[in-house]
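K.L.:
Build me a model:
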Amino acid sequence: MVASSNFGNVFSILIASCWLPFDPMTSLQILVQNLLYDISQIAIPWDRMDPENLALPQRWDVWDLLRFILVLGPTSSTIDMCTFCLNWFYYDIRSADNIEGVKIFHTHWFLEGLLTQTLIVHLLRTAKIPGLQSRAARVLVASTVTIMLLGVLITYIPPFANALQLRRPKSSFIGFLAAELVLYCLEVQAVKMLYVRAFRRWLRCKCPEDRDDKIAGARLIQHGQERAIPVGASLLQHKHVVCKKVAQPRLSEQALIS
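P.N.:
Residues are numbered from 1 along each chain as shown. Predicted coordinates:
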């Protein structure tokens, strides 16, 4: 998630460098934005995972991660372009000589970038529909909401805003920002559904022996009793129990507790 988000930010900065006569954000603002985002991720180890992701051992696939970054990274850039267009056409911030206008431009993208980066955690943590089919742990919800509120408050507290060379955002931009967040959630969910349909996986390695989520030669340990799983049985039928593979030439993983 961090890699795809950073790739999207770099992609947006490259576009801005070809378009804008000034930097879309200062280096200090980018560092603070990334720091706040990283702090919000501290609660991820306490998050709950979907049961099907714990049914069998998973191995990271470097090429799968690269594909994920290339597909999901530019998704955030589309919302960045919306913010750039709003600042350029609606708020008429087009010159580096407009010092106050440039600071407002920085503020608008600082807020949009931080909120979308933090919000995407809930969208990418599961292949399902977040909030309806899969809910994050309370600690993760609390950390992300806290950072989002803190990021907004920074622009309204003069000492912090002045230290970062930010300004209070335009009142009308708050409505645009809310619309952008909704559009962003819909966009990411749509891309995620297409990604899963195209590659039949989501942030996991689809190992040869686990093709189509079928397992063979495995045993279940349920309520202290061990019994065999029929060949070709689906993992989703046994997602709430302890699954252990029997030693075979291609099945050497140890027991997992789901």
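
K.L.:
can you give me the strands for this structure?
P.N.:
If DSSP state E is used as the criterion, the strands of the chain fall at 214-215, 218-222, 225-228, 233-234, 242-245.

K.L.:
Not counting its neighbours along the chain, what's nearest residue 100?
P.N.:
residue 167 (6.8 Å; Cβ to Cβ, 6 or more residues apart in numbering). The way it works is simple: take the backbone N, C-alpha and C, and place the C-beta from them, glycine included.

K.L.:
and that neighbour, backbone torsions?
P.N.:
phi -130, psi 160 (degrees, to the nearest 10).

K.L.:
any idea how far it is from residue 53?
P.N.:
In this structure, residue 167 and residue 53 are 43 Å apart, going by Cβ to Cβ, to the nearest Å.

K.L.:
correct me, but residue 152 touches residue 112?
P.N.:
No - contact criterion Cβ atoms under 8 Å: residue 152 and residue 112 do not qualify, at 11.0 Å.

K.L.:
More neighbours: the two, which one.
P.N.:
residue 112 (24 against 15; other Cβ atoms under 10 Å).

K.L.:
Verify the stated contact: the more buried one with residue 78.
P.N.:
No - using Cβ under 8 Å, residue 112 is not in contact with residue 78, being 11.6 Å away.

K.L.:
What's the per-residue pLDDT of residue 216 here?
P.N.:
Per-residue confidence (pLDDT) for residue 216: 40.

K.L.:
mind checking how far stretch 129-139 is from the chain centre?
P.N.:
13 Å (Cα atoms, centre = their mean, to the nearest Å).

K.L.:
Output it as PDB - backbone C-alpha positions only.
P.N.:
Written as PDB, here are the backbone C-alpha positions of stretch 129-139 (Å, rounded to 0.1, in the frame of the first residue of the first chain):
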ATOM      1  CA  ILE A 129     -16.300  -4.400  -0.100                       C
ATOM      2  CA  PRO A 130     -14.900  -2.500   2.900                       C
ATOM      3  CA  GLY A 131     -17.300  -1.800   5.700                       C
ATOM      4  CA  LEU A 132     -20.000  -4.100   4.300                       C
ATOM      5  CA  GLN A 133     -18.300  -7.400   3.700                       C
ATOM      6  CA  SER A 134     -15.100  -6.800   5.600                       C
ATOM      7  CA  ARG A 135     -14.500  -4.400   8.500                       C
ATOM      8  CA  ALA A 136     -11.200  -3.200   9.900                       C
ATOM      9  CA  ALA A 137     -10.300  -3.600  13.500                       C
ATOM     10  CA  ARG A 138     -11.300  -0.700  15.800                       C
ATOM     11  CA  VAL A 139      -7.700   0.300  16.500                       C
END
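
K.L.:
List the buried residues for that stretch?
P.N.:
Going by neighbour count (16 or more other Cβ atoms under 10 Å), the buried part of stretch 129-139 is 130, 134, 135, 136, 137.

K.L.:
was I right about the fourth one contacting residue 49?
P.N.:
No - applying Cβ under 8 Å as the test, residue 136 and residue 49 come out as separate, 10.2 Å apart.

K.L.:
With residue 128 as the reference, measure out to residue 8.
P.N.:
From residue 8 to residue 128 the distance is 22 Å (Cβ to Cβ).

K.L.:
should've said residue 167
P.N.:
Taken as Cβ to Cβ, the span from residue 167 to residue 128 is 39 Å.

K.L.:
what sits against residue 124?
P.N.:
1, 4, 72, 188, 192, 203 (Cβ atoms under 8 Å, 6 or more residues apart in numbering).

K.L.:
and if we set it to 7 Å?
P.N.:
residue 1 (Cβ atoms under 7 Å, 6 or more residues apart in numbering).

K.L.:
Would you confirm that residue 80 contacts residue 11?
P.N.:
No - Residue 80 is beyond contact range of residue 11, at 8.4 Å (criterion: Cβ atoms under 7 Å).
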